[in-house]
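Q: For reference, the sequence and a predicted model appear below.
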Amino acid sequence: MSEGDESAALTELAKRRGFFFGSSEAYGGVGGFYTYGPQGAALKSNVEEAWRERFAVQEGNLEIEAPTIMPEPVFEASGHLDGFDDMLVECAECGESHRADHLIEDNSELEDAETLSPEEAAEKIADLGLVCPTCGADLAGRSVEDFNLMFETNIGPGSSTPGYLRPETAQGIFVEFPRIKEYARNSLPFGVTQVGRAYRNEISPRKSIVRTREFTQAELEHFIDPERDEADLSAVEDVSVLLYPATEQEADDGDYVETTIGEAVEDGIIGNAWLGYFLGIAQEWYETVGVDMDRFRFRQHLAGERAHYSSDCWDAESEVDGDWIEIAGFSYRSDYDLSKHGEYGDDDFTVFQQYDEPKTVERAVVDPDMATLGPEFGAQAADVAEALETLAERDPDAFDADEVNLDVDGEQITVDADVANFSVETQTEAGEHITPHVVEPSFGIDRTVYTLLAHAYETDEVDGEARSYLSLSPAVAPTNVGVFPLVSNVDELVDLADDVAAELRAAGFAVVYDDSGSIGRRYRRQDEVGTPFCITIDRDGLEGDGADTVTIRERDSGKQVRLSVDDLVGTLVGLRAGTASFDDVLDDNEVVEA
Ligand code: GAP
């Protein structure tokens with residue numbers, strides 16, 4: 001398909017067959033909000049379940065569900081209030097707002113306009129002679145402003161408790177860290193996952209569910225002690241990946257690096273083994289759920305592109321219509337978040353790490369003489385004592401002189417060194433409090449759904465008729481099986497079809513029962529929504545050698561076999577789990593000519 005065709009075909013199919021559509025259309029619609037119809041909701045839920053299974057269950061992580069609204073201090077601490085901005089340029093003629101970096105990227109060779117300052121972006125807009133995409137007015141001379149993407153609200157009546165809809169699910173995990181670490185028995189490393197809604201007041205939502213104002217993230221916050229916890233790469237070292245490192249993006253003749261996770265970490269292309277580990281399992285997971293690996297890459301962020309909390313970041317990107325879409329981010333967040341919440345919050349965001357052997361250390365301590373400090377400093381005496389303790393830890397030499405100079409809440413105070421009762425004690429320590437570092441794989445579920453649909457969309461010809469179908473993986477397809485009685489006027493045949501459908505539903509399969517129209521039409525309907533297998537109950541399945549048999553047809557090849565009803569559930573379980581292929585089924589059973 002040519003560029004643009006894929007998205008157009010997909011959006012049309014999505015609406016017609018109930019995958020997704022713009023929400024609140026009865027009231028004129030509202031940009032950036034989408035409703036998933038029955039097919040889309042099932043597909044999305046299967047993708048979320050597949051993610052949970054791999055990143056929570058198989059990794060032995062803890063899953064939580066935190067509120068989507070959090071009070072303002074959370075986002076002061078996290079840095080989102082100050083730093084979670086996009087660049088906005090407003091048209092003087094029609095008043096429409098546009099994302100400045102996207103306008104520049106869409107109209108120039110520049111791929112990283114996000115790294116420009118607002119002033120540089122305004123200059124670039126003027127240099128390129130850009131006009132408003134809505135009304136065509138010249139944008140030269142318009143200022144570019146930082147626009148905070150968070151949706152603000154008030155918690156309770158009045159405006160005394162401002163809150164925000166979370167812009168990432170991650171903060172719900174960080175804020176609850178003091179409690180969650182107890183469930184993890186204070187033992188690093190451990191991971192916490194959350195699948196849920198995030199909200200961003202995007203300046204220009206676009207490409208249907210790719211950039212919306214309400215979307216679903218599946219995030220894993222993996223807490224480590226960077227000094228002690230090493231990633232075990234043995235399970236992923238041989239995974240082949242296509243990497244686009246920052247250095248290659250910046251070089252004139254920069255190119256992709258085709259390598260393995262093990263080599264990329266060893267060669268320092270991926271600078272952190274934990275990031276390497278998560279890229280490896282993500283690559284395999286994307287393949288399982290049906291992303292086309294020939295249209296997939298990992299791209300490292302350029303320095304100016306990284307979020308305020310991130311010290312290194314790789315994006316998983318999928319190609320649709322010639323554009324690369326960021327479908328997940330893998331970020332090294334260091335101790336940024338937990339340190340900030342430790343500083344702003346009232347709880348302990350550290351973990352006590354036991355040493356292998358207790359350590360004997362010399363520690364400078366003070367025992368301030370409050371009988372002297374009290375009369376001299378009154379209400380300030382406790383702060384002076386605390387300042388003495390802090391100084392002893394930080395700069396023991398300061399107590400060598402007769403007087404000690406202190407900074408108490410910005411005020412310079414001098415006290416006699418004698419009142420501190422300074423000494424150096426030998427202590428035995430069992431461990432230390434550390435602030436864990438965080439490695440974060442953060443997946444966009446909606447963009448994954450979009451990619452799966454785009455990569456699965458196929459057209460061909462069957463019996464001289466054009467057919468469009470979705471070659472979705474059986475692991476995530478919204479409907480697992482179609483069940484069709486060949487005719488609806490033979491009671492035994494209908495009874496057997498009913499029994500088959502009931503048995504499959506009881507075994508946990510999503511079944512569509514369809515008895516209307518020609519079999520060809522019924523197949524086409526299921527092909528178009530990606531149902532991988534259809535079962536037809538015909539007269540041959542009622543009597544003689546074929547009694548209690550049905551035919552099962554595979555969507556992409558159209559091939560069919562006759563199978564005993566008793567073998568149906570077991571066969572479909574294997575096909576859905578990917579432990580058996582349809583070729584295996586063809587080998588083991590009587591093939592039926594279509
Ligand atoms: N906690 C890290 C974080 O939120 P991010 O790169 O801003 O990182 C993670 O978001 C993922 O969420 C992205 O890779 C993308 O798939 C998805 N995402 C972000 N903004 C989105 C939007 N406006 N609409 C749909 N998905 C979005």
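A: Perfect, thanks for sending it.
Q: now stretch 538-545, how far from the centre of its chain.
A: In terms of C-alpha atoms, centre = their mean, to the nearest Å, the centre of stretch 538-545 is found 50 Å from the chain centre.
Q: And for that stretch, what's in contact with it?
A: Contact with stretch 538-545 is made by 486, 490, 492-493, 496, 546-551, 562, 565, as judged by C-beta atoms under 8 Å, 6 or more residues apart in numbering. For the C-beta atoms, the positions are set from N, CA and C on the backbone; glycine is no exception.
Q: Now the buried members of those residues.
A: When these are checked for burial by 16 or more other C-beta atoms under 10 Å, the buried set is 486, 490, 493, 496, 546, 549-551, 562, 565.
Q: Okay, and which of those map to helices?
A: Of the buried ones among the contacts of stretch 538-545, the ones assigned to helices by DSSP state H are 493, 496.
Q: most centrally placed residue in this structure?
A: In the chain, the centroid-proximal residue (C-alpha atoms, centre = their mean) is F443; its distance is 1.6 Å.
Q: So what's the predicted local confidence for that residue?
A: For F443, the pLDDT comes out at 98.
Q: how near is it to the ligand?
A: Separation of F443 from the ligand (C-beta to the nearest ligand atom, to the nearest Å) stands at 6 Å.
Q: close enough to count as contact, that residue and S318?
A: No - if you go by C-beta atoms under 8 Å, F443 and S318 don't touch, sitting 11.9 Å apart.
Q: residues shared between the contacts of these two?
A: By C-beta under 8 Å, 6+ apart, the residues touching both F443 and S318 are I327.
Q: Tell me the residues on the stretch 101-250 of the chain that lie near the ligand, please.
A: 168, 170, 200, 202, 211-212, 215, 217, 219 (C-beta under 6 Å from any ligand atom).
Q: try it again with 8 Å
A: Those residues of the stretch 101-250 of the chain that sit near the ligand, judged by C-beta under 8 Å from any ligand atom, are 167-170, 198, 200, 202, 205, 209-213, 215-217, 219.
Q: Spit out the contact partners of the residue nearest to the centre of the chain.
A: Shown in contact with F443 (C-beta under 8 Å, 6+ apart): 51, 217-219, 282, 316, 327-328.
Q: can I get those residues in JSON lines with pLDDT?
A: Converted to JSON lines, the contacts of F443 look like this (pLDDT from 0 to 100):
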{"residue": "W51", "pLDDT": "98"}
{"residue": "Q217", "pLDDT": "98"}
{"residue": "A218", "pLDDT": "98"}
{"residue": "E219", "pLDDT": "98"}
{"residue": "A282", "pLDDT": "98"}
{"residue": "A316", "pLDDT": "98"}
{"residue": "I327", "pLDDT": "98"}
{"residue": "A328", "pLDDT": "98"}
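Q: Phi first, then psi, for the closest residue to the ligand within the chain.
A: Relative to the ligand, the nearest point of the chain is G444 (1.9 Å; C-beta to the nearest ligand atom). Main-chain dihedrals, G444, degrees, to the nearest 10: phi -90, psi 120.
Q: In the stretch 401-550 of the chain, what residue spans correspond to helices?
A: 445-456, 491-506, 519-528 (DSSP state H, counting those that start in this stretch).
Q: What mean pLDDT does the shortest one get?
A: Looking back up the chat, that one is helix 519-528. The model assigns helix 519-528 a mean pLDDT of 96.
Q: Same question for the longest one.
A: This predicted structure assigns helix 491-506 an average pLDDT of 96.
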